[in-house]
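> Got a predicted model here, sequence first, then my questions.
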Amino acid sequence: MIDLHCHSTASDGSYAPSELIKMAEKLNITHFALTDHDTTDGISEFINTKSDIKRIPGIEISVEIPKGELHIVGLFIDINNKDLKEMEEEVKYYRIKRNEKMLAGLSKLVKKNVKISDLISNPNAQLGRPHVAKYLLKNNVVTSIQEAFEKYLQNGAPLAYKKQQIEVERALSVIKNAGGLSFVAHPYTLKLSDNELLSLMKEYKNIGLDGIEAFSSHNPEDKKNIYVDIAKETGLLISGGSDFHGENGKVSSLGANTLEFTDDDILKPIYERLKMV
């Protein structure tokens with residue numbers, strides 16, 4: 001089993017990178033990528049934890065688009081790359097400013113002063129919407145995480161403050177300059193028709209995109225084969241992963257939604273492409 005999309009406490013996951021490694025070992029995951037949101041802070045712990053699992057350094061970059069939600073996953077990246085580090089620092093600043101607005105909105109909602117330490121225990125972690133959702137649930141503002149997102153955190157909702165994001169061309173360029181491969185994460189969240197997605201993937205391939213995450217917890221069952229076909233038609237690589245966030249997410253386990261493909265479907269073409277980079 002492989003899992004090429006996962007989050008740790010370095011962003012908005014609930015498990016430390018070393019804990020994720022131990023969980024992956026129990027599930028017999030052979031190839032495993034850590035792809036925290038806009039940061040590589042957890043990669044050193046991830047790589048240095050003793051294990052026989054093939055660990056892949058990654059990142060998930062939030063990208064600015066007119067509508068929908070676009071994330072680009074970078075795999076096999078050099079976390080010490082200068083361009084990558086500069087982008088991470090820039091995004092960190094954007095996130096701090098977004099967090100200030102989110103905490104102010106949350107404080108107004110619950111009628112008390114909410115500090116970031118009320119939401120996350122690790123001061124070095126990134127505050128994300130899942131942390132706010134858990135706070136709302138804990139304080140009986142909502143009855144479920146799903147309700148928190150639907151009422152307060154999905155795009156257009158009262159606490160859905162958007163941070164300034166990176167342009168797609170820059171995200172793809174940074175990943176390439178860091179020696180990595182780029183994949184459109186969970187394409188269903190783009191909210192495009194199949195033909196619109198096909199057209200966009202052709203456009204992105206022309207500016208450096210390497211692949212598409214055809215297998216994801218966010219992709220409906222009836223879309224997975226369609227995304228595979230889009231990848232084949234455009235010459236893009238296929239990737240897949242659980243997008244596991246632990247207690248902060250909807251996915252119950254590492255490796256979820258990855259059982260339906262084989263190593264030859266995913267890994268062989270990826271490693272062949274890496275030889276050409």
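Everything's here; your move.
> Next, the contact list for the residue nearest the centre of the chain, please.
Closest residue to the average C-alpha location of the chain: E60 at 4.3 Å, with CA atoms, centre = their mean. Counting by CB atoms under 8 Å, 6 or more residues apart in numbering, E60 makes contact with 5, 7, 35-38, 71-74, 185. Glycine gets a C-beta too; all of them are placed from N, C-alpha and C.
> which residue packs closest to it, ignoring adjacent ones?
T35 (4.5 Å; CB to CB, 6 or more residues apart in numbering).
> now swap in D263 and tell me
Closest to D263 by CB to CB, 6+ apart is I2, at 6.7 Å.
> thinking that neighbour is in contact with H31, fair?
Yes. The pair I2 / H31 is scored as a contact, 4.1 Å apart, by CB atoms under 8 Å.
> overlap in contacts of these two?
Common contact partners of I2 and H31 (CB under 8 Å, 6+ apart): 263, 267.
> Just checking, which helix or strand succeeds the strand or helix carrying the residue nearest to the centre of the chain along the chain?
Using DSSP states H and E, E60 sits within strand 54-63. Following strand 54-63 in sequence order, the next helix or strand is strand 70-75 (DSSP H and E).
> what helices or strands is that next one leaning on?
strand 54-63, helix 168-177, strand 181-184, strand 237-241 (3 or more CB pairs under 8 Å, 6 or more residues apart in numbering; DSSP states H and E).
> residue ranges for the helices of the protein, please.
Along the chain, counting by DSSP state H, helices occupy 17-26, 43-48, 82-110, 129-138, 145-148, 168-177, 194-206, 221-234, 263-276.
> how about stretch 201-208: buried residues?
Using 16 or more other CB atoms under 10 Å as the test for burial, stretch 201-208 gives 201, 204-205.
> and that stretch, average pLDDT?
For stretch 201-208, mean pLDDT rounds to 97.
> Figure out how far that stretch is from the centre of its chain.
20 Å (CA atoms, centre = their mean, to the nearest Å).
> just for this protein, where's the confidence low?
122-125, 248-249, 257-262, 277 (pLDDT under 70).
> what residue of it is the furthest out?
Here the chain reaches farthest from its C-alpha mean at K111, the gap being 31.9 Å by CA atoms, centre = their mean.
> mind listing what the nearest residue to S242 once chain neighbours are set aside touches?
The shortest distance from S242 to any non-neighbouring residue, by CB to CB, 6+ apart, is to A256 (4.3 Å). Residues near A256 by CB under 8 Å, 6+ apart: 217, 242, 244.
> and the first one, how many neighbours?
Here the number of neighbours of S217 (other CB atoms under 10 Å) works out to 20.
> burial count for the residue nearest to I29 when sequence neighbours are not counted?
By the measure of CB to CB, 6+ apart, the closest residue to I29 outside its immediate chain neighbours is M1, 5.0 Å from it. With neighbours defined by other CB under 10 Å, the count for M1 comes to 16.
> pretty sure M1 is touching E25, no?
No. Here M1 lies out of contact with E25, judged by CB under 8 Å, at a distance of 11.3 Å.
> mind checking how far M1 is from D38?
The gap separating M1 from D38 is 27 Å, by CB to CB, to the nearest Å.
> residues in contact with the residue nearest to D263?
With CB under 8 Å, 6+ apart, I2 has these contacts: 29-32, 240-241, 255, 258, 263, 266-267.
> Go through the residues you listed and name the one nearest I116.
G241 (28.2 Å; CB to CB).
> What is the burial count for the nearest residue to that closest one once chain neighbours are set aside?
In this structure, G241 finds its nearest non-sequential neighbour in H5, 2.6 Å apart by CB to CB, 6+ apart. Other residues near H5 come to 30 when the count uses other CB under 10 Å.
> my guess is H5 contacts A185, does it?
Yes. At 6.6 Å, H5 and A185 qualify as touching, with contact defined as CB under 8 Å.
> Are there residues contacting both of those two? Which ones?
Between them, H5 and A185 share these contacting residues under CB under 8 Å, 6+ apart: 60, 73, 213, 216, 243.
> ok so, going back, out of the helices of the chain, nearest to Y161?
Distance to Y161, taken as CB to CB, is lowest for helix 82-110 among the helices of the chain, at 4.4 Å.
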